[in-house]
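Asker: Could you look at this predicted model? Sequence included:
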Amino acid sequence: MIRFDHISKQYRGTSRPALGDVSFEAQRGEFVFLVGASGSGKSSCLRLILKEERPSKGKIHVLGQDLGTISSRKVPYFRRNIGVVFQDFRLLPNKTVHQNVAFTLQVIGKSRGYIQEAVPDVLKMVGLEGKAQRMPHELSGGEQQRVAIARAVVNKPQILLADEPTGNLDPATSAGIMNVLERINAGGTTIIMATHEAMFVDQMKKRVIELSQGEIVRDERHGGYGVTAAIPLVKPAPAPTEPATVQLTTGVVVPVAAPARQPAATPAAEIPAAVRPATTPAAATAAPEPAPEASPADGKQPDNVRPITRANPVAHPAEMSLAERLGLRANGTDGGDYDDQNVGPVK
Ligand SMILES: Nc1ncnc2c1ncn2[C@@H]1O[C@H](COP(=O)(O)OP(=O)(O)OP(=O)(O)O)[C@@H](O)[C@H]1O
């Protein structure tokens with residue numbers, strides 16, 4: 001389904017490769033965690049699978065196609081088989097939940113009737129029934145991510161790529177998102193997820209590929225997070241006397257109140273605003289699945305929020321629109337009626 005054969009990737013202007021001689025194969029229906037320290041090459045792998053980047057060496061096959069042979073004109077068609085979810089949700093802020101999800105289907109030319117049926121179905125699946133007419137700013141961070149997941153899978157892609165989808169969310173909200181992803185995977189969708197979430201990786205016992213400085217250092221069938229991939233939290237959550245838990249659909253019970261990683265010495269107040277999360281997720285309370293998270297009514301920043309910790313923040317080309325990144329339109333083509341440039345976190 002996805003095969004990397006001796007892939008190296010060196011970005012222009014850099015002195016060392018982001019990926020060096022990476023080979024792996026993911027089978028249909030697998031759930032694969034990509035773990036590794038910041039800058040180890042996880043996002044680069046996802047971008048290569050999506051053909052957003054080209055390898056410097058080696059061959060990549062996705063869904064039976066050699067990506068090197070797909071012309072730029074055909075890339076949007078290729079990407080229709082791949083859903084993508086980002087850490088920062090990337091919803092269209094001026095469109096309702098329904099319109100955000102319908103967007104995927106409109107761009108690929110589905111009929112109004114099809115869209116009217118498909119969107120409520122997928123919103124129900126992600127636990128957002130009754131929220132179709134809300135605007136993104138009226139949703140909690142977890143709910144916004146559910147919208148983004150609904151948008152990614154409404155087209156029933158064979159592969160879902162998730163780049164730190166819980167990176168801006170507190171543990172309880174993240175557990176809800178992981179449940180949604182597990183359900184999608186149980187339906188047969190292959191999921192490749194880059195993450196720093198030690199807790200879920202440890203509990204879910206899925207395949208784990210660990211990268212270190214662009215090389216695969218571990219590929220375990222039912223692995224855990226490991227020690228080398230850890231990055232610190234901004235601020236430790238208060239230690240509960242009796243940890244709250246959330247049960248994943250696999251039956252795994254995950255503690256939600258305690259942080260999975262080692263706390264950092266830096267207090268939250270000292271973290272510059274620029275590296276704080278762009279959203280204000282709901283408080284870390286154990287909510288029964290699949291109830292979506294409550295919106296943070298008081299506007300207070302929860303204690304156990306992680307910053308967007310990128311050692312080398314790399315922006316995607318500014319000129320690349322949402323539709324292009326979602327694989328719905330060829331790079332640089334006309335935006336048509338879709339106002340898709342104005343994307344990003346809405347809180
Ligand atoms: N477009 C780019 N241009 C130059 N260097 C890049 C580019 N994209 C990534 N890199 C570099 O490649 C390396 C791997 O980056 P990548 O984003 O794949 O890591 P990552 O494991 O996803 O990190 P994080 O956990 O922080 O998201 C880093 O050294 C990064 O600086």
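Answerer: On my side now, so go ahead.

Asker: so who does the residue lying closest to F86 once chain neighbours are set aside touch?
Answerer: Counting by CB to CB, 6 or more residues apart in numbering, D163 is the residue found nearest to F86 once chain neighbours are left out, at 5.4 Å. The C-beta positions use only the backbone N, C-alpha and C, and glycine is treated the same way. The contact partners of D163, by CB atoms under 8 Å, 6 or more residues apart in numbering, come to K42, S43, L46, V84, V85, F86, Q87, M193, A194.

Asker: From the contact counts, what lies against the host helix or strand of the second one?
Answerer: In this case it means S43. Here S43, judged by DSSP states H and E, is contained in helix 42-49. Packed against helix 42-49 by the contact rule (3 or more CB pairs under 8 Å, 6 or more residues apart in numbering; DSSP states H and E) you find strand 2-9, strand 19-26, strand 31-35, strand 57-62, strand 159-163, strand 190-194.

Asker: let's go with 6 Å and repeat that
Answerer: On a contact count with 3 or more CB pairs under 6 Å, 6 or more residues apart in numbering; DSSP states H and E, helix 42-49 meets strand 159-163, strand 190-194.

Asker: which residues touch the last one?
Answerer: This means strand 190-194. 1, 28-34, 42-43, 46, 159-164, 181, 185 (CB atoms under 6 Å, 6 or more residues apart in numbering).

Asker: The stretch 101-250 of the chain: strands as residue ranges?
Answerer: For the stretch 101-250 of the chain, the strands defined by DSSP state E, counting those that start in this stretch cover 159-163, 190-194, 207-212, 215-220, 245-247.

Asker: by how many degrees do the third one and strand 190-194 diverge?
Answerer: For strand 207-212 against strand 190-194, the angle by axes from the mean of the first three to the mean of the last three CA atoms, to 10 degrees is 30 degrees.

Asker: Return the list of strands paired to strand 207-212, each annotated with direction.
Answerer: Strand 207-212 has the following sheet partners, assigned by DSSP bridges: strand 31-35 (parallel), strand 215-220 (antiparallel).

Asker: anything in the longest one near the ligand?
Answerer: Okay, so that is strand 215-220. No. Against the ligand, strand 215-220 shows no contacts by CB under 6 Å from any ligand atom, the least distance being 11.5 Å.
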